[in-house]
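> just to be clear, the model below is a prediction. Sequence and coordinates:
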Amino acid sequence: MKQYIQDNRDRFFDELFSLLRIPSISAKPDHKQDMYRCANRLVELLKEAGADEAAVYETAGHPVVFGKKDIGASKTILVYGHYDVQPPEPLEKWRTDPFEPVLAKDPATGEDAIYARGANDDKGQLFMHLKAFEHEVRSGLLHHNVKFIFEGEEEIGSPSLPAWVEAHKDMLKADVILVSDTTMISEKVPSINCGMRGLAYLEVKVTGPNKDLHSGHYGGAVANPINVLCEMISSLHDDRGRVVIPGFYDKVVELSADDRAMLARAPFDLEEYKAFLDIDDIRGEEGYTTMERTGIRPCLDVCGIWGGYTGVGAKTVLPSTAHAKISMRLVPWQRSAEITKLFEEHFKAIAPKCVKVEVTPCEGGDGFLIPITSPAYKAASKAMAEVYGIEPVPSRGGGSIAILADMQKILGIDPLLMGFGLERDTIHSPNESYLLRQLFAGVESLSLFYKYW
């Protein structure tokens, strides 16, 4: 496989860069045509890699790409990925054009990396699957049927995909969902995600007076919605870092000491972690490690807050409204819809009479777990151990890929997350990148998964 990568290295870059140049930003309506451009380019690459069929399918939102190679085998792999990307803003913080990919040295390590929006999440990692599949086909090694589903809405919560999967579940029948859209826990030790958190994301609006008021004439006499919103948000956690919403933890399962010890095998250096983030200390739920707080425990965070005047200079105004966006990461068995309802009931209950409160759900999805005793997990572990020279450890992802829980329920098969991103890749942020060694290690590992499963 190493020789195949070396022989085709320049072609790989040309093909991947052709995807990265397309600004397939699902959140922005003015990029609708770019979504189709990217979907059609993936159809071309699937056919060139060896797929018997590949086509663009319409959904209620952005299109889905489906392809397959049927060799009459007894087992079928369903490869999932997404071709949509996050908006690149703030543009001024990018060192290069986010949609003109470049090969450059990592400023910290000097290693070669690809810099572009989507370099890791998820075009780079999706591309690894195309090349691993291509190698198996062209080398005459393929002994599984393979199907591909690439969506264009993951970054906005996959609103259209569950219905599409339900309508095409016979076409999508498989034995495992193979995914590369996650981050390894360490550069030193590889990992395989055996679970991910769910998400409940909402926007809240607090309204006070019916118009903005002069802060001198009304300040101190009329409730300021920003002040009230801040007070309400600050009351959502107790002094132990726990969320106080009634019923929030009812379905949270406490891991056994053995399970926590297994997850603790993952290397973690707290001082390196703080230095990487340029912080002096950490903060979170009492009684849990940093890795546990981001993997096996739920949390609630404010992702945005605004109101009043924020322009240059002073404007002495008491605002009529204040707004915030709230994210709650959920662990398996917590249900996004239930938690959203609990939040809304609690937030309205704690609002003082001097304001009115609105809660608007934005997106959500459930978390999931997979067994580490399955043949697919064992094959993935063997493949990565061969490439990295050390057995990968099981981990739990702190992020969310909500559609995977839906696909697990609809199709009745488990996802397997072989992700090769690293924290240094700064996905969703300016200067997103992907180390070449991780890109190529991913192609090798996925090719070996085909061999060992």
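Received it, and whenever you're ready, just let me know what you need. Only a predicted model underlies this, so the values are computations on that prediction, with no experimental measurement involved.

> packing partners of the helix or strand hosting S381?
Using DSSP states H and E, S381 sits in helix 375-388. If contacts are counted by 3 or more C-beta pairs under 8 Å, 6 or more residues apart in numbering; DSSP states H and E, helix 375-388 sits against strand 191-196, strand 415-417, helix 436-452. In this view, the C-beta of every residue, glycine as well, is placed from N, C-alpha and C.

> can you pull out the helices in the chain?
Along the chain, counting by DSSP state H, helices occupy 2-7, 9-20, 32-49, 123-138, 161-167, 215-218, 225-234, 257-263, 270-277, 290-293, 336-349, 375-388, 402-411, 436-452.

> so of those, which one's packed in deepest?
helix 123-138 (a mean of 24; mean count of other C-beta atoms under 10 Å).

> least confident of the helices and strands packed on helix 375-388, on average?
Lowest mean pLDDT within these: strand 191-196, at a mean of 89.

> just the pLDDT for G397.
80.

> isn't it right up against I192?
No. Contact criterion C-beta atoms under 8 Å: G397 and I192 do not qualify, at 10.2 Å.

> any shared contact partners between these two?
Common neighbours of G397 and I192 are listed as L417 (criterion: C-beta atoms under 8 Å, 6 or more residues apart in numbering).

> in stretch 179-189, what's buried?
Under the neighbour-count criterion of 16 or more other C-beta atoms under 10 Å, stretch 179-189 has 179-186, 189 buried.

> wait, stretch 202-221
202, 204-209, 212-213, 215, 218.

> report the separation between L369 and K251.
13 Å (C-beta to C-beta, to the nearest Å).

> oh, I was asking about G399
Taking C-beta to C-beta, one finds G399 at 20 Å from K251.

> ok, of the buried residues of stretch 179-189, which one's closest to M196?
Ranked by distance to M196 (C-beta to C-beta), these are led by T182 at 7.5 Å.

> so that closest one is in contact with E423, correct?
No. Between T182 and E423 there is no contact under C-beta under 8 Å: 11.6 Å.

> circling back: which one among the buried residues of stretch 179-189 gets closest to V85?
D181 (12.0 Å).

> for that closest one, which non-adjacent residue is closest in space?
Nearest in space to D181, with sequence neighbours left out and distances taken as C-beta to C-beta, 6 or more residues apart in numbering, is D122 at 4.7 Å.

> next up, the contacts around the one you found.
D122 touches 81-83, 154, 180-181, counting by C-beta under 8 Å, 6+ apart.

> now intersect those with the strands, please.
Among the contacts of D122, the ones falling in strands (DSSP state E) are 81-82.

> now the phi/psi pair for the residue nearest to D181, please.
phi -130, psi 10 (degrees, to the nearest 10).

> for D181, give me its contacts.
When contacts are taken as C-beta under 8 Å, 6+ apart, D181 is in contact with 80-82, 121-122, 125-126, 154, 401, 417, 419.

> for the residue nearest to D181, give its distance to V302.
Distance from D122 to V302, by C-beta to C-beta: 26 Å.

> T76 now?
43 Å.

> list the beta-bridge partners for N145.
T76 (DSSP bridges).

> with the one 5 residues further on instead?
For F150, the beta-bridge assignment (DSSP bridges) gives partners V65, G81.

> circling back to that earlier point, could you dump the helices of the chain to JSON lines with distance to T310?
Shown next, in JSON lines, are the helices of the chain (distance: least, C-beta to C-beta, whole Å):
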{"stretch": "helix 2-7", "distance to T310": "50"}
{"stretch": "helix 9-20", "distance to T310": "34"}
{"stretch": "helix 32-49", "distance to T310": "31"}
{"stretch": "helix 123-138", "distance to T310": "34"}
{"stretch": "helix 161-167", "distance to T310": "36"}
{"stretch": "helix 215-218", "distance to T310": "15"}
{"stretch": "helix 225-234", "distance to T310": "11"}
{"stretch": "helix 257-263", "distance to T310": "42"}
{"stretch": "helix 270-277", "distance to T310": "26"}
{"stretch": "helix 290-293", "distance to T310": "32"}
{"stretch": "helix 336-349", "distance to T310": "24"}
{"stretch": "helix 375-388", "distance to T310": "47"}
{"stretch": "helix 402-411", "distance to T310": "32"}
{"stretch": "helix 436-452", "distance to T310": "39"}
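
> so which of those helices gets nearest V317?
Of the helices of the chain, nearest to V317 by C-beta to C-beta is helix 215-218, at 5.9 Å.

> can you find the helix or strand of this structure with the lowest average pLDDT?
When each helix and strand of the chain is scored by mean pLDDT, DSSP states H and E, helix 257-263 comes last, with a mean of 82.
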